[in-house]
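# What follows is a predicted structure for the sequence shown.
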Amino acid sequence: MDLNLQLLLLYGTISATLAKYVFVKSKTSWTDAQTNCQAKFTDMAPINNENDQTLIQELAAGSTAYIWFGLQRNMTDTTKWLWSGGGEVTWFNWESGQPDGTGSQNFGILVNFKWHDADDKLSGFSFCFSVHVVRQEKTWEEALKHCRKHYQDLATISSETELMLIQKELDKDVSTEHVWMGLHFLSGEWAWLDGQVREYEVWGSENKPECPTKTCGALVVNKEIKQWNAHDCQEKLHFICY
Ligand SMILES: [Ca+2]
């Protein structure tokens, strides 16, 4: 049987999801975990900030297993780290004394939720990143309802890496241009639906509108452009859920 198919069948029954993360409770190497995440979801999970670290801990609460995530050493500059799917790592949560690997410890694993560099041969559970592009034209509010009914929410984008991962999903169909995301103007400011602090912003040429008449956030991402813009909430666009 094809390895990907085996993994799909295996993981179908033993995973749990919270927002963008899927916790896969089956022990594999980092490389096999990456193969599974890319086949069944979007990619392995980046952990961008404190908020993400908290989500991960909620989803795997009580687990004492080692858990792989999308961290891998940059082999062209081994003092640096990259996310599976692209993007340099800028926020870290290392255990004290880590990373301590030389040679083969090139992958990130959670031990009691602290980051360790580890050898691919180690066996661990894993975290995948999962977003869905819904190719139906809906207003922002209709899109929100659809996401909450079928998934969890309209997606938040918390890093350049997540933008790259979403682009991977969008590139599966070149026709999609602007897509709704979970950003809206509320009580005098732009806010994410999930309450996440806007640490990462890529507003387009119009810049961030301070007193907008268009109060819903849409994303455009392709080879030339990666940015978000304010749109009329009644426009009908495709959208991204997690
Ligand atoms: Ca280590």
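On my side now, so go ahead.
# which ones are touching residue 150?
Contact partners of residue 150, counting by CB atoms under 8 Å, 6 or more residues apart in numbering, are 134, 241. Bear in mind the C-beta positions are built from the backbone N, C-alpha and C, glycine included.
# And it, how close does it get to the ion?
Separation of residue 150 from the ion (CB to the ion, to the nearest Å): 40 Å.
# Tell me the spacing between that residue and residue 71.
Distance, residue 150 to residue 71, by CB to CB, to the nearest Å: 30 Å.
# before we move on, what about residue 162?
Here residue 162 is placed at a distance of 15 Å from residue 71 (CB to CB).
# One more: residue 239?
Per CB to CB, residue 239 is found 29 Å from residue 71.
# Who has more neighbours out of the two?
Shown here are residue 239 and residue 71; by other CB atoms under 10 Å, residue 239 has more neighbours (29 against 26).
# got the contact list for the host helix or strand of the more buried one?
Using DSSP states H and E, residue 239 maps to strand 237-241. Strand 237-241 has contacts (CB under 8 Å, 6+ apart) with 131-138, 140, 143, 146-147, 150-155, 166, 169, 176, 178-181, 218-219, 231.
# In strands, which of those residues fall?
Of the positions in the contacts of strand 237-241, 132-138, 179-181, 218-219, 231 sit in strands, assigned by DSSP state E.
# got a winner among the residues you listed for most neighbours?
Counting neighbours by other CB under 10 Å, the top entry in those is residue 180, with 31 neighbours.
# which residues does it bridge with?
Legend: beta-bridge partners of residue 180 under DSSP bridges are residue 218, residue 239.
# Next up, the contacts around it.
Contacts here follow CB under 8 Å, 6+ apart; on that basis residue 180 touches 138, 140, 143, 154, 216-219, 231, 237-240.
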